[in-house]
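Chemist: kindly return the folded structure for what I paste below:
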Amino acid sequence: QEEKRGTFPPFEMMAQSLIAEQDIWAAKNENRDAWVPEDIKPKLKDKADILYFAGCTASHVETDIAEATIRLLTDTGADVCYLGNEEMCCGVPMKMAGKWDLFEKIYEHNVAAARAHGAKTIVTSCPACGLVWKEMYADIARKRGEEFEFEVKHYSEIIAPAIADGTIKLTRPVEGRITFHDSCHQGRAQGFYEPPRDMLKAIPGIDYVEMEHNREEGLCCGSVVTLVGEIDKGPVLGKQRLDEAVDAAVDKLVALCPCCQVQLRDSNLKNKMNIEIDDLARVVAESAGYDIPTSAEYANYMWSYFDKFINLMKPEEMAKLMEKIYPQMLDNMPAGMKPMMLAMRHVPGGLDLMEKMMPTLFPLLAPSILGKVMPDMIKAVQDYIGAMPEDMEALMPDLLPKTMDQLMPTYLPELIPFLVPSFIDFVRKGAK
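Modeler: The predicted structure follows:
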């Protein structure tokens, strides 16, 4: 039974991005396959048994993951296809956000696309994407009585055997002491721990060590969901994991999950630590002879915008931002409301009465007012966030109004306690 509760506000913006552009990063769908190297494009088949499902973060942010993975997969000699711009977010953020109808539409889209390309095995970089395909999509199909013919694997389950049998040869050493972080979605949720380690240990002369808690006992990175829901706690949890890397005296912490890498890098920065976070596929591809620049700097750059948006979505921060558009809000109130409010300044106790009435009135007025002042609100948001990535800036005039429209029913009760006192103060002190 639906209870019409709200989700974390950032998930609403992710949802609007996903609906419009098929990803959660406010990036244009036309750029989803821009990471594919020119020399790899001829090797990708239109139809093949193996389909590489890159996922949003590897496609738009940590593209070193996608490039390294596809190079290693094609080096196995297997035929591989890729959905390109047909690929849609796996949908796990929408599942967590309680947007189950949207999640099922994503299932229908991705499964149909995979079938159209003849896929039998879905190979992912992101273990959350893998878990979605392996369990959540399969569960929907079972409940609907539909066929679900796909085997689902993480790339390490294909690459590790190819290294072991000599199909892929690792020749370059990797400098420094290295450890490996077990993703919760990889380990606890799917139960595979050794293929990633087998890949690393095959690197010539590697100095590999385990952290104190590893495999089944490995500590969580802190979770990007924590960053979305309780942004201040993410770096605290992440530091617990990074401290174990420090204790192991490593130069590099390797992870295979794109989201773990985002979270660990964020924790690394916010805790002013000096640990290099690197990707499993990139490190192994480097040993196989490829030069693939790390996406660490760009990932930090992209997350910094989400960090700002997540902070902005706190009701107290949003109320502060809306102070900048109070004149426009007052001008766009229903006929007669503005003169009445200004007149109440001269009535003893008038504005105190208005302050008591506004929590009831504002939810009724907000849809009309915000619709009229949205261009001003978009400008205020752009000033708050600063210069945005090109795609995000282009999409924001469409994403923000739709996000606010979805948020209002459940967000307003949290916003009003911060908004009303400052709005009444604005009227009291000199609104014209």
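Chemist: next, the buried residues of stretch 360-376.
Modeler: Phe362, Ala366, Ile369, Leu370, Val373, Met374, Asp376 (16 or more other Cβ atoms under 10 Å). (Each C-beta comes from the backbone N, C-alpha and C, glycine too.)
Chemist: just the terminal-to-terminal distance for stretch 150-165.
Modeler: 26 Å (Cα to Cα, to the nearest Å).
Chemist: in it, what counts as buried?
Modeler: Phe150, Val152, Lys153, His154, Tyr155, Ser156, Glu157, Ile158, Ile159, Ala160, Ala162, Ile163.
Chemist: TSV for those residues, including secondary structure, distance to Trp35 and pLDDT?
Modeler: Formatted as TSV, those follow (DSSP: H, G, I helix; E, B strand; the rest coil; distance: Cβ to Cβ, whole Å; pLDDT from 0 to 100):
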residue	secondary structure	distance to Trp35	pLDDT
Phe150	coil	23	97
Val152	strand	22	97
Lys153	strand	21	97
His154	strand	19	96
Tyr155	coil	15	97
Ser156	helix	20	97
Glu157	helix	22	96
Ile158	helix	20	97
Ile159	helix	18	97
Ala160	helix	23	97
Ala162	helix	22	98
Ile163	helix	23	98
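Chemist: what's the closest of those to Tyr193?
Modeler: Ser156 (10.1 Å; Cβ to Cβ).
Chemist: excluding its backbone neighbours, what's nearest that closest one?
Modeler: Pro195 (3.9 Å; Cβ to Cβ, 6 or more residues apart in numbering).
Chemist: ok so the one you found is a strand residue?
Modeler: No - with DSSP: H, G, I helix; E, B strand; the rest coil as the criterion, Pro195 is located in helix rather than a strand.
Chemist: following the helix-or-strand element of the chain with minimal mean pLDDT, which helix or strand comes up?
Modeler: Within the chain, confidence by mean pLDDT, DSSP states H and E is lowest for helix 224-229 among all helices and strands, at a mean of 66. Per DSSP states H and E, helix 224-229 leads on to helix 234-247 as the next helix or strand towards the C-terminus.
Chemist: buried set for that following helix?
Modeler: Here helix 234-247 shows Gly234, Pro235, Leu237, Gly238, Lys239, Arg241, Leu242, Asp243, Glu244, Ala245 as buried, counting by 16+ other Cβ under 10 Å.
Chemist: with distance to Leu73 added, can I get those in CSV?
Modeler: Output for the buried residues of helix 234-247, formatted as CSV (distance: Cβ to Cβ, whole Å):
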residue, distance to Leu73
Gly234, 32
Pro235, 34
Leu237, 32
Gly238, 30
Lys239, 34
Arg241, 28
Leu242, 30
Asp243, 34
Glu244, 31
Ala245, 28
